[in-house]
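Trainee: Sequence below, structure please.
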Amino acid sequence: MTKLSVNVNKIATLRNSRGHDVPNVLKTALDIELFGADGITVHPRPDERHIRYTDVRDLKKNLKVELNVEGNPKEEKFVQLVLETLPAQVTLVPDSSGQLTSDHGWNTIQEKVYLKEIISVFKSKGIRTSIFVDPIPEMVIAAKSTGTDRIELYTESYAKNYHTNKIEAIKSFVIAAQIANDLEIGINAGHDLSLENLNFFCNNVPKLLEVSIGHALISDALYFGLENTVQLYKRKLIH
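Mentor: Prediction:
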């Protein structure tokens, strides 16, 4: 069964909008853990507009499930935070500092030397590494030489085209996953996955280890309740 890591950035966004501590990010994450999620994902950005660095520290101290911390390793504060907190997994994303949300994967060919160096730093501390990658065969192949443990397939194009032609929408992801499996690279996925498109993706991408879902899941929780929503997503991941 593919694991579900819930991204709680949106909880932090709601909290920060009023400048207080409601909703409480740690309490919500612990509830999500209790409700059956396999992990918690956070993506702290330099301006701390949603997840704060203190949130990451609190989550690491209190969670029993895996903590996955996403971010751009070219930001020195991010690297320091990861090395301080030692999450189970770090996912490297090539975001610019003011970017609204992640919108592309690494060019693993051009950035191979840099990625290899920074990945070795994290792995030396026992942190599993994953890098954000578009479903392009050349990028998946080049990811192998970086030493990464996993790739995270960037799934926006799949989600965008799912209702038009889901067979065509998933083709590049199946090919990318097959290549990753042949190279013995683990496969994660995330971005715009939802209750509508998750099961088809999970059942067609071979050896999908983990999905990271935030925006859609938190939005669905407004209607279905948080506990019920976590379980709805978990059921979509049954092969």
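Trainee: from here on, contacts and neighbour counts on C-alpha atoms
Mentor: Fine.
Trainee: Longest helix in the protein, please.
Mentor: helix 156-182 (DSSP state H).
Trainee: helices or strands next to that helix in the packing?
Mentor: With contacts taken as 3 or more Cα pairs under 8 Å, 6 or more residues apart in numbering; DSSP states H and E, helix 156-182 sits against helix 137-144, strand 186-190, helix 198-204.
Trainee: What segments of the protein are helices?
Mentor: 9-16, 25-34, 53-62, 76-85, 112-123, 137-144, 156-182, 198-204, 215-224, 226-236.
Trainee: mind listing what's buried in the fourth one?
Mentor: Translated: helix 76-85. Within helix 76-85, the residues that count as buried by 16 or more other Cα atoms under 10 Å are Phe78, Val79, Leu81, Val82, Leu83, Thr85.
Trainee: Format these as CSV; extra columns: distance to Ala159 and pLDDT.
Mentor: Output for the buried residues of helix 76-85, formatted as CSV (distance: Cα to Cα, whole Å; pLDDT from 0 to 100):
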residue, distance to Ala159, pLDDT
Phe78, 29, 96
Val79, 30, 97
Leu81, 32, 98
Val82, 30, 98
Leu83, 33, 98
Thr85, 33, 98
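Trainee: Distance to Phe35 for those residues - can I get that in TSV?
Mentor: Converted to TSV, these look like this (distance: Cα to Cα, whole Å):
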residue	distance to Phe35
Phe78	29
Val79	31
Leu81	28
Val82	26
Leu83	29
Thr85	24
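Trainee: Tell me the one of these nearest Leu59?
Mentor: Distances from Leu59 to the buried residues of helix 76-85, taken as Cα to Cα, are shortest for Thr85 (9.4 Å).
Trainee: Sweet, I'm off.
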